[in-house]
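>>> One predicted model, sequence on top.
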Amino acid sequence: MSDTDQLAYTQIMGRVAELGESLLKHPDKKVRDAIQELLDWVDAFHREGLGRMVEAMRSWRGDVFLRALAEDELAGPFLGLYDLGESDDRDLAEAEEVVNAALEELRPFIESHGGMIVVDKIQDGVVTVQMMGSCDGCPSSNATLTGGVEEALRRHWPNFRRLEVVDPNAEDDGQDNGHSAGHSAGHGAGHGAGHGGHSHGGGQEQPVQLLQIRGHELQ
Amino acid sequence: MSVDVEQLDYHEIMPRVGELADELFNHSDPEVSGQIEELLDWVDVFHREGLHRVVDLIKAWRGELFLDEAEKHEIIGPFLAAYDLAEDPAVPGLGGDGAEVAPSGDDPADGDFS
């Protein structure tokens, strides 16, 4: 960036995208691979850092504060890039559509085992689902979720951060639907971000540190 | 079609970004180094301005204690530190000043920072 480069805040990521696209067309495959990986990790770092912060802010001041952020001329576009915080109805509808499309891929398999998967909530890149029917308590559910649902979500929804599975048998404690197993992955603006591991629902402990990006497509 | 997946601990990400950036800065094609430098500068500007504004608004909502706890969080702390909003010598920022950032602290006991 030269000394004289100036852009409005909302133009910055457009310029980043232009530069990224130009670099990704470089004739040297090593350059393209390095750029792709760099963009993926930059996205992962910011998506997860900001996502965790927004989740904490939601616990701290609730939706009121996030609505104030969304209306701010800098904070709004900043959070909006990652689809975090208060989403408008259209963004939420788009997210639901994409998430449902991703889950459709897995439904035939799940239903063939007498189970059903239901989306409970989509917020801050976290998709919360319930496994119903014979999936509930099925030992293969965990593998199905981590291996199948996450990958489908990662491919379909760039803003995906983490999958949480609500136990439909847990008693409602007034905060959330009981414990959930958290899993994650994602891909972002460039592509991928997420983390792998386990967590509990209700904004409680999430001792997950690993983030992942999608690697190169394998032939 | 299948994909492989690369995983890193959160604290390992920015050092890896630094390695990749160095590799690209030193590429024989000057256009690559110029473009990657501009790209990272703009990424830094976007996130620095956005995050500073978010933190200013948190303070305006009397969130000093919230920020104190956030700085100790194992992910939020290093994230803030990358933009000089917390201390963390372990994570280099994106900016060209070579600033380094803070190690994570212990999780807060109140459970809000998951």
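Great, that's in hand. Source: prediction; values computed, not measured. Numbers count the residues shown, from 1 in each chain, chains lettered A, B, ... in the order given.
>>> remind me, longest helix of chain B?
helix B:30-60 (DSSP state H).
>>> Chain A: helices as residue ranges?
Using DSSP H, helices in chain A cover A:9-24, A:29-71, A:75-81, A:89-112, A:139-144, A:150-156.
>>> Show me where chain B has its strands.
B:2-9, B:91-92, B:100-101 (DSSP state E).
>>> Which of those has the lowest mean pLDDT?
Per-stretch mean pLDDT for the strands of chain B is lowest at strand B:100-101 (a mean of 31).
>>> one step back: can you list the buried residues in the longest helix of chain B?
B:32, B:35-55, B:57-58 (16 or more other Cβ atoms under 10 Å in any protein chain shown). Using the backbone N, CA and C atoms, a C-beta is placed for each residue, glycine as well.
>>> just stretch B:76-88 next, same as before
B:Ile76, B:Gly77, B:Pro78, B:Phe79, B:Leu80, B:Ala81, B:Ala82, B:Tyr83, B:Asp84, B:Leu85, B:Ala86, B:Asp88.
>>> ok, the second one to chain A distance?
In other words, B:Gly77. Separation of B:Gly77 from chain A (Cβ to the nearest Cβ, to the nearest Å) stands at 9 Å.
>>> what about the longest helix of chain B, near chain A?
Yes: Helix B:30-60 reaches chain A (Cβ under 8 Å from any Cβ of the partner chain) through B:32, B:35-43, B:45-47, B:49-51, B:53-54, B:57-58.
>>> Show me what that helix is packed against.
helix A:9-24, helix A:29-71, helix A:75-81, helix B:10-25, helix B:64-72, helix B:76-81 (3 or more Cβ pairs under 8 Å, 6 or more residues apart in numbering or on different chains; DSSP states H and E).
>>> closest to A:Thr128 out of the ones you listed?
helix A:29-71 (12.4 Å; Cβ to Cβ).
>>> is that closest one anywhere near chain B?
Yes: against chain B, helix A:29-71 shows contacts by Cβ under 8 Å from any Cβ at A:31, A:34-35, A:37-38, A:41-42, A:44-46, A:48-50, A:52-53, A:55-57, A:59-61, A:65, A:68-69.
>>> Check stretch A:119-129 too.
No: using Cβ under 8 Å from any Cβ, stretch A:119-129 stays clear of chain B, coming no nearer than 11.0 Å.
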